[in-house]
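K.L.:
Fold the following for me, if possible:
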Amino acid sequence: MIRTMSLRSQLFLLQLSIVLVIVAVAGSTAVAMQRLQIREQYEDRMIGVAQSVAQLPSVVEAFGKPDPSAEIQPIADLIRQSTAVTYVVVTDADGIRYSHPNPDLIGQPVSTDPSIPLSGDTFVGTQTGTLGESWRVKVPIRGADGRIIGTASVGTLESELDADLYEDLPRLLAWLIVAALVGSAGAIWISRLVWRRIYRLEPEQIASLLETRDAMIHGISEGMVAVDEQHRIALLNDEAKRLLDLDDSATGRRIDDVMEPALAQLLTDPADTDETVLSGERVLLARTSDALVDGNRVGRVMILRDRTELYQLLTDLDGERDVTQALRAQAHEFANRMHTISGLLELGRTDQAVDFISRSGHGGSLVSGTIAPGIRDPDAASLLMTKSTIAAEKGIDLVIDDASTLEPDGTTDVVTVLGILLDNAMEAVTGSGRADGTVTVLLREEPGTVRIEVADNGPGVAPEDVAGIFSSGYSTKDAGHPGTRGFGLALVERIARRRSGHVVVDDAGLGGAEFTVWLAPSPVAAPRSTLQVP
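P.N.:
Below is the predicted model:
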C-alpha cells in the first residue's frame, strides 16, 4: 500500500505518527510526574502528621495511664479529620493499637511489621492493612527519657491517591488532545508545502527527471558550465570537461582557479555574450546567459561549442581561395602567351615566336624558384611552395633562406606556426601598400630546439600592441571572417609554450616585424585539437 500511496500522504502519515508518538510519550511522562508529585505531597504531609502525633505531650503522657486509648483515640480522630489522611494509628512497643479509625480494632495488634519504627527509623512505603492498600509513614514515639515506647502510623489509601490523579487527568488529556490536533494540522501544512515545493511530483517522477536531465546534459555535444553567485562551478558536463581539459575535481571550485581568464571573464560579466575564445589550443564559441529560478538570478550558464574544425575550414578556405586566384591568373597569363605565339606563327614570324618562348622562361611553373634543399619535412615544403605562389600573385617577394634545414617533425606544430606567421606577414605587407613587399623565412634545426623566423618589411608592430598581440581575441586587423581573428598569434604562443619554447617579436632588418619561435624538437605527437594551416 505504501508503494501506491502518494508522497504527500506518506509525509502526512509519517509526521502524524511522529506527533502521536511524541504526544503519547509526553502524556505518559506527564502522568507519571503528576503521580509522583501527588505521592510526594502526601508523603510530606503524612511525615509531618506522624511526627506531630509522636511528639504531642498528651499522647506521650497517655502511655503511662491505665487506659491510654481513652485519651489517644479522640486526639487521633481529630488529627485524621483535620489533615485529610485515611488513618492515624498509635501503638505501644508491642504493636498493640491505642487508636484506629475502626474502634473495634483498638487493643489488637497491628497487621503489619512495626519493627522498623521500633528500631528508631522512619518507614515510608506501601503496605496492605485492615483498611486496604495504603501509602503510609511510621515513626517511633519516645518517652521523656528518650526510650521508644511505641509508634505513630499515618496513611492514605492508594485509591485516594489515584482519585486525586484522575481528578487532574481530564485537564491533562485536554492539553494532549489540543497538542495532537495542532501537530496534525502542522503535519498537513508541511506535507502540502513540501508537495508544492517539489512541483507536485512523486519520487518516481523526480528520479525519472533527474535521470533524463543527467542523460541530456552529459549526452549533448555542447559543453555546459553552470556557476553560482559566488562564481563557483556548480555543474560541468562531460563535453565541457573535454573541451576545457577539466575533471570532476573542478566542481565546487572558483572559475578563476580552473578556467582560462577569457572564459572566466565571460562568466563574471553580467551581460549575455556570444563570443569566440581560445581555450588551450581549441577555438570555442562561448554563449553565456543568466541562470534564473522563479525569475531570480542564481548564477550563470555557459554553452561551449568546439569551433576548432570550423576555424580550420575557414583557414583552409582562405588558402584554397588564394591558390585558386593564383591559378586563375596564371591560366590567364598562359592564354595571353599562347595567343601571342599563335599570332606570330600565323604571321610566319617563326624566329620572333621562338625568341618569345625563350624569354618566357619557366613562367608556367607553380613556383618561380626552388625550396631550400635542407627542408626535408614534406608538410613544411608543401606549405612554402603554396605560399610562394600566393606571394608572387600578390606581388610579394617570398625569400626562403637557403641555409634553412628541417627534418620531418612528426607533428603539425611547425606547419601551424609557420602558416600563421606567413599569413600575418603577407597581410602586413599587402596592407602597407608597398610595391616592394618582402617576406623572409628561415627554418633552422639547432641543438635542442627548432627555430622559425619570419620577417617582413610591413609597418611592424606598434609598441602599444606588443603586450597584447599574443592574447586570445586580440587583433589589430579588420575581421574578414567573424570569430577567426585574434587567435593566430595566441595559438603560436601556446604551441611554443607546450613545446617548452617561446616567441619573440622584434624589429626586422627589413624595417617591419620579425617573429622568432623556438620549439623543442621531437615532442610527443600533438593533440588532435591542434590547428593546421595550409
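
K.L.:
mind showing which ranges of the stretch 301-450 of the chain have poor pLDDT?
P.N.:
Applying pLDDT under 70 to the stretch 301-450 of the chain flags residues 308-333, 360-370.

K.L.:
Can you report phi and psi for Gly252?
P.N.:
phi 90, psi -10 (degrees, to the nearest 10).

K.L.:
What distance do you get for the residue lying closest to it once chain neighbours are set aside to Glu275?
P.N.:
Nearest non-adjacent residue to Gly252, counting by C-beta to C-beta, 6 or more residues apart in numbering: Arg232, 5.9 Å away. Quick note: C-beta positions are derived from backbone N, CA and C, even for glycine. Going from Arg232 to Glu275 by C-beta to C-beta, to the nearest Å gives 22 Å.

K.L.:
can you check Glu407 too?
P.N.:
Taking C-beta to C-beta, one finds Glu407 at 40 Å from Glu275.

K.L.:
Same question for Ile188.
P.N.:
52 Å.

K.L.:
where do the strands sit along the protein?
P.N.:
With DSSP state E as the criterion, the chain has strands at 87-92, 123-129, 132-142, 148-157, 223-228, 233-236, 273-279, 282-293, 296-306, 397-400, 438-446, 449-456, 502-507, 513-519.

K.L.:
Mean pLDDT lowest where, among those strands?
P.N.:
Of all these, mean pLDDT reaches its minimum on strand 273-279 (a mean of 80).

K.L.:
wait, isn't Arg494 in contact with Val283?
P.N.:
No - judged on C-beta atoms under 8 Å, Arg494 makes no contact with Val283 at a distance of 11.4 Å.

K.L.:
between those two, which one's more packed in?
P.N.:
Val283 (26 against 19; other C-beta atoms under 10 Å).

K.L.:
can you tell me which of the strands of the chain comes nearest to Ala380?
P.N.:
Between Ala380 and these, the tightest spacing by C-beta to C-beta is seen for strand 438-446, at 6.7 Å.

K.L.:
Neighbouring strands - and their directions - for that closest one?
P.N.:
Using DSSP bridges, strand 438-446 pairs in its sheet with strand 397-400 (parallel), strand 449-456 (antiparallel).

K.L.:
Quick check: which of these is buried the most?
P.N.:
strand 449-456 (a mean of 22; mean count of other C-beta atoms under 10 Å).

K.L.:
so how far is that strand from its chain's centroid?
P.N.:
For strand 449-456, the separation from the chain centroid amounts to 47 Å (computed by C-alpha atoms, centre = their mean, to the nearest Å).

K.L.:
Enumerate every residue touching Leu422.
P.N.:
Listed by C-beta atoms under 8 Å, 6 or more residues apart in numbering, the contact set of Leu422 reads Leu383, Lys387, Leu398, Val439, Val441, Val454.

K.L.:
And the nearest residue to Thr268 once chain neighbours are set aside, how close does it get to Arg297?
P.N.:
Nearest non-adjacent residue to Thr268, counting by C-beta to C-beta, 6+ apart: His231, 6.0 Å away. Between His231 and Arg297 the computed distance is 13 Å (C-beta to C-beta).

K.L.:
Looking at these two, which one has more neighbours?
P.N.:
Per other C-beta under 10 Å, whichever of His231 and Arg297 has more neighbours is His231, with 16 against 11.

K.L.:
Now that one. Its backbone dihedrals?
P.N.:
Main-chain dihedrals, His231, degrees, to the nearest 10: phi 60, psi 40.

K.L.:
That one is in contact with Met259, isn't it?
P.N.:
No - in this structure His231 lies outside contact range of Met259 using C-beta under 8 Å: 10.1 Å.

K.L.:
intersection of neighbour lists for these two?
P.N.:
Leu267.

K.L.:
what's near enough to touch Asp238?
P.N.:
Here Asp238 is in contact with His218 (criterion: C-beta under 8 Å, 6+ apart).

K.L.:
Local confidence estimate at it?
P.N.:
For Asp238, pLDDT reads 89.

K.L.:
can you tell me how far it sits from Ser279?
P.N.:
Distance, Asp238 to Ser279, by C-beta to C-beta: 16 Å.
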